[in-house]
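Chemist: model the following, please.
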Amino acid sequence: MRHHAFWFLPIAVAAILIEALLYRRRLGKSYPWKDSGLSLLVAAGHNLSQLAGRALLGGVYAYAWNHRLFTVPLHGALGWAGLFLGVEFLYYWEHRLSHRVRWLWATHAVHHSPQELTLAAALRLGWTGPFSGGGLLYLPLVLLGLHPLAIFAALGLSLVYQFWLHTRMVPRLPGFDRIFNSPSNHRVHHACNPEYLDKNFGGVLMVFDRVFGTYAAEREIPCRYGLLTPQNSVNPLVVALDEWRRLLRDAARASGWRAVLLTLFGRPSAAALPNPVPTGTSV
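Modeler: As a prediction, the model looks like this:
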């Protein structure tokens, strides 16, 4: 989940409270209140950053709309289906690239930093997305004739849908899991086990994960969450910017422009990746 509106926070808090009531009964341990509170603080900063992002990207999207090749009418089912599938397709690639390109991972790593998967973790989102360029990946839809407001409305609904996926309280849902993103599928996405790493990038559907070979079903192997270097800070600034600090440090140490570019835009370093557990280890 990448963006939240302020109106959604009260709904999210209510859902988190319900989850907390079930947590000890289902898992036999205390709810991670401290970690959840930190996620809410990070979410507040994220929402503020989105205001700056709209100002930064609004002109780019307006320019693309004024130079579009076609105009797709949204008066019927076909237009809405095209909007949904187009957003879903580009969300898949934005999300996948956010795991494969370190410049984008520096923002997305914030979302993978919680060491326990709860609904509050859905709100722990990076502050620097508007400035890293990931949002520009939806420009092709504008050039093809879908209005920017419609694109981001569809994307927003997709991201609201994804909130409920960040929990261990919902079991596997056979049948549903095969087609749609679900808590089971998203637990796999957040897991750091080598069997699960870099899987299930879809927003609402698992269709493109199946087409491009990145789908993995949750198995009996328990999921383990977090980053290779655990993010144990309770300071929202550290949580939001630590991977950027690592990235810029590594770029400064690189020798030559090629090495600098590989550092910035190559795959995330071992220190930045989710925590890989040795094969065969039970967690």
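
Chemist: where does pLDDT dip in the stretch 101-250 of the chain?
Modeler: By pLDDT under 70, the stretch 101-250 of the chain contains no weakly predicted segment.

Chemist: again, only this time at 80
Modeler: Regions of the stretch 101-250 of the chain meeting the criterion pLDDT under 80 cover residues 228-230.

Chemist: which parts of it are strands?
Modeler: Listed from the start of the chain, the stretch 101-250 of the chain has no strands (DSSP state E, counting those that start in this stretch) to report.

Chemist: show me where the protein has helices.
Modeler: 8-27, 33-66, 77-100, 102-108, 129-132, 139-143, 148-161, 176-179, 183-190, 207-211, 236-253, 257-265 (DSSP state H).

Chemist: helices or strands up against the fourth one?
Modeler: In terms of contact count using 3 or more C-beta pairs under 8 Å, 6 or more residues apart in numbering; DSSP states H and E, helix 102-108 is assigned the packing partners helix 77-100, helix 129-132, helix 236-253, helix 257-265. Backbone N, C-alpha and C define where each C-beta goes, glycine included.

Chemist: show residues contacting the last one.
Modeler: Helix 257-265 is contacted from outside by 101, 102, 103, 247, 250, 251, 254, 269, using C-beta atoms under 8 Å, 6 or more residues apart in numbering.

Chemist: returning to that earlier point: quick one, which of the helices of the chain is nearest to residue 226?
Modeler: With C-beta to C-beta as the criterion, residue 226 lies closest to helix 183-190 of the helices of the chain, at 9.1 Å.

Chemist: how far off centre is that closest one?
Modeler: 12 Å (C-alpha atoms, centre = their mean, to the nearest Å).

Chemist: which residues sit against it?
Modeler: The set of residues that contact helix 183-190 without belonging to it, under C-beta under 8 Å, 6+ apart, is 112, 117, 121, 162, 164-173, 177, 196, 199-202, 206, 216-218, 223, 225.

Chemist: try it again at 7 Å.
Modeler: 112, 117, 164-168, 170, 172-173, 177, 196, 199-200, 206, 216, 218, 223, 225 (C-beta atoms under 7 Å, 6 or more residues apart in numbering).

Chemist: send the alpha carbons of it over as CSV?
Modeler: Taking C-alpha atoms only, helix 183-190 is exported to CSV below (Å, rounded to 0.1, in the frame of the first residue of the first chain):
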residue,chain,number,x,y,z
PRO,A,183,-3.9,-11.6,3.2
SER,A,184,-2.3,-15.0,2.5
ASN,A,185,-0.8,-13.8,-0.8
HIS,A,186,0.4,-10.6,0.8
ARG,A,187,2.0,-12.4,3.7
VAL,A,188,4.1,-14.1,1.1
HIS,A,189,5.0,-10.7,-0.4
HIS,A,190,6.2,-9.3,2.9
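
Chemist: between helix 77-100 and it, find me the angle.
Modeler: In this structure, helix 183-190 runs at an angle of 40 degrees to helix 77-100, with axes from the mean of the first three to the mean of the last three C-alpha atoms, to 10 degrees as the basis.

Chemist: number of nearby residues for the nearest residue in space to residue 116 that is not next to it in sequence?
Modeler: Spatially, and ignoring its direct neighbours in sequence, residue 116 is nearest to residue 32 (5.1 Å; C-beta to C-beta, 6 or more residues apart in numbering). The burial count assigned to residue 32 is 19, neighbours taken as other C-beta atoms under 10 Å.

Chemist: likewise for residue 52?
Modeler: The local packing count at residue 52 equals 12, with neighbours defined by other C-beta under 10 Å.

Chemist: pretty sure it is touching residue 130, no?
Modeler: Yes. Using C-beta atoms under 7 Å, residue 52 is in contact with residue 130, at 6.2 Å.

Chemist: okay, now residue 227: neighbour count?
Modeler: Each residue near residue 227 was counted by other C-beta under 10 Å, and the total is 21.
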